[in-house]
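**Student:** Sharing a model prediction with you, sequence too.
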Amino acid sequence: MSVKRVLTGITTSGTPHLGNYVGAIRPAIQASQAGDTEPFYFLADLHAIIKCHQPELIRQSAKEVAATWLALGLDTEKAVFYRQSDVPEITELSWILSCMAAKGLMNRAHAYKAAVANNTEEGADPDFGITMGLYSYPVLMAADILMFNANRVPVGKDQIQHVEMARDIAGRFNHRFGEVFALPEAVVDDSVAVLQGLDGRKMSKSYNNTIPLFLTEKQLRKHINKIKTNLLEPGEPKDPDTSTVFQVWQAFANEEQTALMRKQFEEGIAWGEAKKQLFELVNTEIGGARERYNELLEDTSSIEKVLQQGAEKARDVSAPMLTKVRNAIGIGAM
Ligand code: TRP
């Protein structure tokens, strides 16, 4: 049986937080270590510039994301780990695909539709602030995926539509030009937690409710203390299933620890005490990686070296693939 090629991108426009860790980074690194797939993981910096036009933030985020994945033990022998903008074949493919992708398909993309809806609601021009980058975002993402014939694309629920669009575009292309692209499939792992943030909504940069992954111990403790709770006093039974503290606990605890915390909730554990225990649990899991993370951020040339090696491996695949695509559509050398 052939090994499945798994591919996912991380948009480099923010600081990795516990939600990213639990929902995407930890499972991806585990998959890379399991060795039964061929993982391609990349820094999606061309996606980052769609919404973020602050060069310093983009640069800093790319460093932080790369350092995070490396510090947490991504095996770069097994996984191809690269920066999207280091693989120029992707942008060329993106243009080619945009000549196959139906505009009507792009009109239906959630991110674009949300932007239009927002403008309409505010009485602004429907296109206000909408760039071609935002509009064509799903085409670039299709290029990311189809370039490497990825079979499986692990994503959050909000990204399923984009993977389906990539599949749609690949199908059209193959139908017209012959079997060039593998048809990708989105993989959403329901056993992986979507973490709640400080205010109880989904932890997300856009809600400004995140707990960054690699804070100092002191800051981590402070952030955990900020998780919203109700006003129940020590000794009063608390409902674990509506509590963010418990939900985050569950994402880091084994079964036995989870059962124990559930019992403590029923017995009326004080919020302060539950948060203290949560800090210890999270800190134990990520404490070792935090040191490596800080070392890596001080030594960006070593990150850069890893990324260059990754880009080389990626281009070993993307360059011949692009030749095949060019041939199929009739451009290039005579
Ligand atoms: N758009 C994705 C996100 O915001 C990131 C991404 C870019 C991606 N290219 C990809 C994910 C290709 C999977 C495959 O989360």
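**Tutor:** That came through, no problem. Residues are numbered from 1 along each chain as shown.

**Student:** The stretch 51-200 of the chain against the ligand: which residues are in contact?
**Tutor:** 141, 144-145, 153, 155, 159 (C-beta under 6 Å from any ligand atom). Just so you know, the C-beta spots here come from the backbone N, C-alpha and C atoms, and that holds for glycine as well.

**Student:** and with 5 Å instead?
**Tutor:** 141, 144, 153 (C-beta under 5 Å from any ligand atom).

**Student:** Go ahead and confirm residue 85 touches residue 45.
**Tutor:** Yes: using C-beta atoms under 8 Å, residue 85 is in contact with residue 45, at 5.0 Å.

**Student:** More neighbours: those two, which one.
**Tutor:** residue 45 (22 against 18; other C-beta atoms under 10 Å).

**Student:** From residue 206, how far off is residue 12?
**Tutor:** Distance of residue 12 to residue 206, given as C-beta to C-beta, to the nearest Å: 15 Å.

**Student:** for residue 165, same thing?
**Tutor:** According to C-beta to C-beta, residue 165 and residue 206 sit 22 Å apart.

**Student:** So which bits of the helix or strand residue 260 falls within are buried?
**Tutor:** Secondary structure from DSSP states H and E places residue 260 in helix 255-266. Buried residues in helix 255-266, defined by neighbour count with 16 or more other C-beta atoms under 10 Å: 258, 261, 264-265.

**Student:** packing partners for it?
**Tutor:** Here helix 255-266 is seen to pack against helix 244-252, helix 271-298 when contacts are counted using 3 or more C-beta pairs under 8 Å, 6 or more residues apart in numbering; DSSP states H and E.

**Student:** closest one to residue 5 among those?
**Tutor:** Each of the helices and strands packed on helix 255-266 has some distance to residue 5 by C-beta to C-beta; the shortest is helix 271-298, at 26.6 Å.

**Student:** ok, then the element right after the closest one?
**Tutor:** In N-to-C order, the element after helix 271-298 by DSSP H and E is helix 300-329.

**Student:** Check which helices and strands that next one is in contact with.
**Tutor:** Counting by 3+ C-beta pairs under 8 Å, 6+ apart, helix 300-329 packs on strand 37-44, helix 55-71, strand 80-83, helix 88-98.

**Student:** what pairs with the third one, and is each one parallel or antiparallel?
**Tutor:** Using DSSP bridges, the strands paired with strand 80-83 are strand 37-44 (parallel).

**Student:** now the angle from the partner strand to helix 55-71?
**Tutor:** Using axes from the mean of the first three to the mean of the last three C-alpha atoms, to 10 degrees, the inter-axis angle of strand 37-44 relative to helix 55-71 is 160 degrees.

**Student:** of residue 165 and residue 206, who's got more company?
**Tutor:** residue 165 (22 against 10).

**Student:** what residues are up against the more buried one?
**Tutor:** 101, 105-106, 109, 138, 141-142 (C-beta atoms under 8 Å, 6 or more residues apart in numbering).

**Student:** Of those residues, which qualify as buried by neighbour count?
**Tutor:** 101, 106, 109, 138, 141-142.

**Student:** These into CSV, with extra columns for secondary structure?
**Tutor:** As requested, these are arranged in CSV below (DSSP: H, G, I helix; E, B strand; the rest coil):
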residue, secondary structure
101, coil
106, helix
109, coil
138, helix
141, helix
142, helix
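
**Student:** pLDDT and distance to residue 287 added to the residues you listed, as JSON lines?
**Tutor:** Listed next are these as JSON lines, based on pLDDT from 0 to 100; distance: C-beta to C-beta, whole Å:
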{"residue": "101", "pLDDT": "96", "distance to residue 287": "46"}
{"residue": "106", "pLDDT": "96", "distance to residue 287": "44"}
{"residue": "109", "pLDDT": "95", "distance to residue 287": "40"}
{"residue": "138", "pLDDT": "98", "distance to residue 287": "39"}
{"residue": "141", "pLDDT": "98", "distance to residue 287": "35"}
{"residue": "142", "pLDDT": "98", "distance to residue 287": "39"}
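
**Student:** Nearest to residue 57 among the residues you listed?
**Tutor:** Using C-beta to C-beta, residue 141 comes nearest to residue 57 of the buried ones among the contacts of residue 165, at 21.0 Å.
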